[in-house]
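S.K.: prediction below, plus the sequence it came from.
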Amino acid sequence: MQKLNSSDEITSLEHDLNELKKSNRLVDDYNNTSTVLQTRLERLIRERELRKSLKSHHEDVHTNGAMDGSNKDDLTSKIDSLTSEEELVDGVKACKIVSSECEYRPFKQRLLVVANRLPVSAVRKGEASWQLDVSAGGLVSALLGVTEFETRWIGWAGVNVPDEIGQKSLTESLAEKRCVPVFLDEDLVNLYYNGYCNNILWPLFHYLGLPQEDWLATICSFESQFEAYKKANQMFADVVNEHYQEGDIVWCHDYHLMFLPKCLKEANPNMKVGWFLHTPFPSSEIHRTMPSRSELLTAVLAADLVGFHTYDYARHFMSACTRILGLEGTPEGVEDQGRLIRVAAFPIGIDSDRFTRAIQLPQVKNHIKEFQERFAGRKVMLGVDRLDMIKGIPQKLLAFEKFLEDNPNWRDKVVLLQIAVPTRTDVPEYQKLTCQVHEIVGRINGKFGTLTTVPIHHLDRSLDFHALCALYAITDVALITSLRDGMNLVSYEFVACQASKKGVLILSEFAGAAQSLGAGALLVNPWNVTEVASSISYALNMPSDEREKRHNHNYMHVTTHTSQEWAETFVRFVELNDTVVEAELRTTQIPPLLQTERAIDRYHSSTNRLLILGFNATITEPVNAPDRRIDQFKEMELHLHPELKEPLKKLCDDPRTTVVVVSGSHQSVLDENFEDFNVWLAAEHGVFLRTANKKWIQNLTDNINLDWIESVKDVFEYFTERTPRSYYELRETSIVWNYKYADIEFGRLQAKDMLQHLWTGPISNASVEVVQGGRSVEVRANGVTKGVCVSGLLGQIIHEKDMKSPIDYVLCVGHFLQKDEDIFTFFEPELPALTPTSSFGSPGLSSNYSEEMAKFDDQSIITSEIDSGCTNNESMQTHASNNGSSVLDLRGDNYFSCAVGRKRSNARYLLSSAADVVALLKNLAD
Ligand SMILES: O=P(O)(O)OC[C@H]1O[C@H](O[C@H]2O[C@H](CO)[C@@H](O)[C@H](O)[C@H]2O)[C@H](O)[C@@H](O)[C@@H]1O
Ligand SMILES: O=c1ccn([C@@H]2O[C@H](COP(=O)(O)OP(=O)(O)O)[C@@H](O)[C@H]2O)c(=O)[nH]1
């Protein structure tokens, strides 16, 4: 990599990086050559390189005197001394000093962190005086470690402040900590925070179901709590809008604020918004039980990026979007009407340096000494949890009891220290838990205690940072038995403080941390007390070399996957900006909606018109009513939309208009629907044509090899039997398996399986193509597409109608598969190919359009070269034919290609649904 020397170069590098974030263009090799970076990966790799260069140059500047020496020492010591939580909250300020005192000041991205809880909670000391204490919990700990950005926090200060003097003075106090309060009154907090957040969402997201004893009351008050939740989210949004500056990134946190992305985007669609969930996202089967399941998902999907701790949670979320909202899940995220919302896993970490440094501090060393003396001769086991149902404290105590029962020799040689930090104390379930835990601790201590010692030391309070670090450092076995836990940072903190002791971590397999620390920890199922008890025994007796290996593994992870990395990844370089850029890129490929007046106007002023209409989902009766449930069975047969019967007849009977219906369906389906219509029909993608005199002829090649069809049918039958509500349709030259009424995810899996099977078996040597639709798999004879059909079709029409004047109006409308979009390319051959995501050629078999066109050239009497770049007034050059006369006289403004119900298309325009097609055709007929 090129080494940079001057600050001019670095400025140019920063400029590149900013440019990269703004667009997908990048100044290449630092010499101003502009390149369009095509793929997301290319951009990411390039961006990473730039960042590395920038970082190493900043280090050079820092070491080689760009900053004056005394100043540097002073600042370094300021940063090094940041160990207490209070200082850490202020640390944002210290970092700002560093950058402002450097000769070269790096660009700092402004970041608005919006979380229910501010990093400090306020306690009122007088009318206008406040004490600010650092809030407890993993979210706060992790975000305090993030110093890379110019951060402002927006959130609730954990206190009711009804009066103006109080609100003004608290706002001022918090401003010093770069915090902005959202004032929620007591009633709202009760319904929104204690109610909807902590009594409904929290237990559900952690698989605990709704609170059992007062479930009737919960269900009854659900509506009012949900209303309060939305109201509170809007209040957060109002404060964000007040403080937002253009270019800021807004990072919304957690289950409290699922409506926030929606509220923010409604006010400002250009705002860059990310949303991150700190809890698990449960299986879609759990989320389905929520009365507000769809609204919550839709609101979150307003964000540009949606993040989770683990891939499992992301997978569950995508599955909920697919099953509940019916949206497409892609490997990158969720696609909603042509918009891509990226969904990914970003496992959080801790500021590990803060812990490793703390262990060296005299205050911590004093605590360590004190604890070592206090527990001399006994092994120390430690639990640190908020007193929350999800942390599995009762289960942990029962397992410890079982261990003591099974291992009498350990009874006076081990102590369990359980720090249970009180939390959400206004919620009844939490109050009940406190009593339950006290009862169990009392019972076990009564059973196994002596006059001088007890096996469990239980504390209902939090510890200060130094005492906590000391406890982590002297512990032999940490016992974390969460029933579910988004991540669990206590496990990370324990590992960070264990450099010398190398103690054992027993960790619940249901904590997100199990995915990252699983190799070094002893994983347990917290519900299985016998298993936990024997793991305790194993941990206490573990030989030192095994302990060391396990610890080293975890230590490496904890010290490299830090909270800084996490936030940086989420916010700045990788996902959020990239998502915005990419979403913009994708939007540019989405054609505009058709202005129907213009299409109608041009139709009426033309004299020889051609209407090419797709059939399914274009002019058929709708099966997708808006309130359709995803699993509802519907009629499979296709019927012409009843409202179209009359207008279509009128259009077909107009001598100045030729109407063609192009479909994949069998001839019989089309015959049934268009028996009385004076219409041209193309069945099986144009293999068969029904001409104006209602005779079917074979349009494409005569000698289509169909040897493969029986064996493919067997495969389709097999999958139909095994995929409830799927079906297949056998045609003469193709066969389609459709799973649009089946469970979407299962259908997709089955389709994947089917494709693999087809390629390796029945069609491996056949001259066929496999075309994958949104919810279907089709095998058809090679080279059969709607585009190919059109050339032959036009020849027939001109011949039969004995057309003397050229066609001067073309409307080509359809819900076509990507493969069949060559019907648009027929009229505009220079159109770019769409990314081939849904069309697969059989290996070794060409599906090249021009080759196919060449094959059919003999039959067609028309070839067209239409300038795709022409403007409305420019003439589209259309030549034809073997007799030299022109058959198409198309200009930009009398050619209308429309994709129906799709977003990414080669068509010039979009129509949202078949209903729009119906309206358009009615208008033409009038
Ligand atoms: O603010 P509270 O209601 O008092 O609750 C404290 C926090 O609890 C939850 O923490 C989660 O975030 C951690 C960091 O990502 C994660 O390690 C842990 O597994 C989660 O439980 C909650 O999500 C936060 O919003 C609360 O502030
Ligand atoms: O007395 C205490 C005990 C714990 N914690 C902190 O609370 C956080 C707990 O985070 P975790 O992710 O384990 O669980 P959460 O409470 O967020 O569900 C950790 O950073 C602990 O250092 C604390 O500040 N004081």
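M.R.: Structure's in. What do you need? Numbers count the residues shown, from 1 in each chain. Ligands and ions are numbered 1, 2, ... in the order given.
S.K.: hang on, residue 769 in a strand?
M.R.: Yes - in this structure, residue 769 lies within a strand as judged by DSSP: H, G, I helix; E, B strand; the rest coil.
S.K.: buried set for the strand or helix carrying residue 232?
M.R.: Mapping residue 232 onto the secondary structure by DSSP states H and E places it in helix 222-243. Buried residues in helix 222-243, defined by neighbour count with 16 or more other CB atoms under 10 Å: 222, 225-226, 228-230, 232-233, 235-237, 239-240. Where you see a C-beta, it was placed from the backbone N, CA and C, and this is true even at glycine.
S.K.: what of stretch 285-292?
M.R.: Taking 16+ other CB under 10 Å as the neighbour-count basis, stretch 285-292 is seen to contain the buried residues 286-287, 290, 292.
S.K.: so of the residues you listed, which ones are in strands?
M.R.: For the buried residues of stretch 285-292, membership in strands holds for none, with DSSP state E as the criterion.
S.K.: returning to that earlier point: and which of the buried residues of helix 222-243 is nearest to residue 468?
M.R.: Residue 468 lies nearest to residue 236 out of the buried residues of helix 222-243, by CB to CB, at 30.3 Å.
S.K.: any idea how far residue 219 is from residue 189?
M.R.: Note on residue 219: its distance to residue 189, by CB to CB, to the nearest Å, is 21 Å.
S.K.: which one's more surrounded, those two?
M.R.: In terms of neighbours (other CB atoms under 10 Å), residue 189 is the more surrounded of residue 219 and residue 189; the figures are 19 against 12.
S.K.: which SS state does residue 717 fall under?
M.R.: helix.
S.K.: count of residues packed around the residue of the stretch 701-850 of the chain found nearest ligand 2?
M.R.: Of all residues in the stretch 701-850 of the chain, residue 745 sits closest to ligand 2, with a separation of 30.2 Å (CB to the nearest ligand atom). The criterion is other CB under 10 Å. On that basis, residue 745 has 14 neighbouring residues.
S.K.: next, the buried residues of the helix or strand that contains it.
M.R.: Counting by DSSP H and E, the element that carries residue 745 is helix 744-760. Neighbour-count burial for helix 744-760, counted by 16+ other CB under 10 Å, picks out 744, 747-748, 750-751, 754-755, 758.
S.K.: for stretch 331-339, same thing?
M.R.: Of the residues in stretch 331-339, those scored as buried under the neighbour-count criterion (16+ other CB under 10 Å) are 333-336, 338-339.
S.K.: how about stretch 119-132?
M.R.: Residues of stretch 119-132 classed as buried under the neighbour-count rule (16+ other CB under 10 Å) are 119-122, 130, 132.
S.K.: out of the buried residues of stretch 285-292, which is nearest to residue 539?
M.R.: Relative to residue 539, the closest of the buried residues of stretch 285-292 is residue 286; by CB to CB it sits at 32.2 Å.
S.K.: ok, that closest one touching residue 203?
M.R.: No - here residue 286 does not reach residue 203: they are 10.2 Å apart, not a contact under CB atoms under 8 Å.
S.K.: quick one, phi/psi of the spatially most central residue of the chain?
M.R.: Here the mean C-alpha position of the chain is nearest to the C-alpha of residue 343 (CA atoms, centre = their mean), at a distance of 1.7 Å. Note on residue 343: backbone dihedrals following degrees, to the nearest 10 are phi -120, psi 130.
S.K.: which residues sit in contact with it?
M.R.: Residue 343 makes contacts with 305-308, 314, 317-318, 332-334, as judged by CB atoms under 8 Å, 6 or more residues apart in numbering.
S.K.: at 6 Å what do you get?
M.R.: Contacts for residue 343 (CB atoms under 6 Å, 6 or more residues apart in numbering) come out as 306, 314, 318, 333-334.
S.K.: ignoring the adjacent residues along the chain, who's closest to it?
M.R.: With CB to CB, 6 or more residues apart in numbering as the measure, residue 333 is the residue that lies nearest to residue 343, at 4.1 Å, once sequence neighbours are left out.
S.K.: doesn't residue 780 lie inside a strand?
M.R.: Yes - applying three-state DSSP, one finds residue 780 inside a strand.
S.K.: I'd like the distance between the nearest residue to it once chain neighbours are set aside and residue 185.
M.R.: Nearest in space to residue 780, with sequence neighbours left out and distances taken as CB to CB, 6+ apart, is residue 734 at 3.6 Å. In this structure, residue 734 and residue 185 are separated by 65 Å, where distance is defined by CB to CB.
S.K.: of the two, which one has the most company?
M.R.: Just comparing residue 734 and residue 185: by other CB under 10 Å the higher neighbour count belongs to residue 734, 25 against 11.
S.K.: show me the contacts for that one.
M.R.: 684, 778, 780.
S.K.: please work out how many residues are found near the second one.
M.R.: Here the number of neighbours of residue 778 (other CB under 10 Å) works out to 23.
S.K.: wait, isn't it in contact with residue 771?
M.R.: Yes - taking contact to mean CB atoms under 6 Å, the distance of 4.6 Å between residue 778 and residue 771 places them in contact.
S.K.: any chance you could map the helices in the stretch 601-750 of the chain?
M.R.: Here the stretch 601-750 of the chain has its helices, by DSSP state H, counting those that start in this stretch, at 645-653, 667-674, 709-722, 744-760.
S.K.: JSON lines please, covering those and showing distance to residue 297.
M.R.: Formatted as JSON lines, the entries for the helices of the stretch 601-750 of the chain read as follows, by distance: least, CB to CB, whole Å:
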{"stretch": "helix 645-653", "distance to residue 297": "39"}
{"stretch": "helix 667-674", "distance to residue 297": "37"}
{"stretch": "helix 709-722", "distance to residue 297": "29"}
{"stretch": "helix 744-760", "distance to residue 297": "15"}
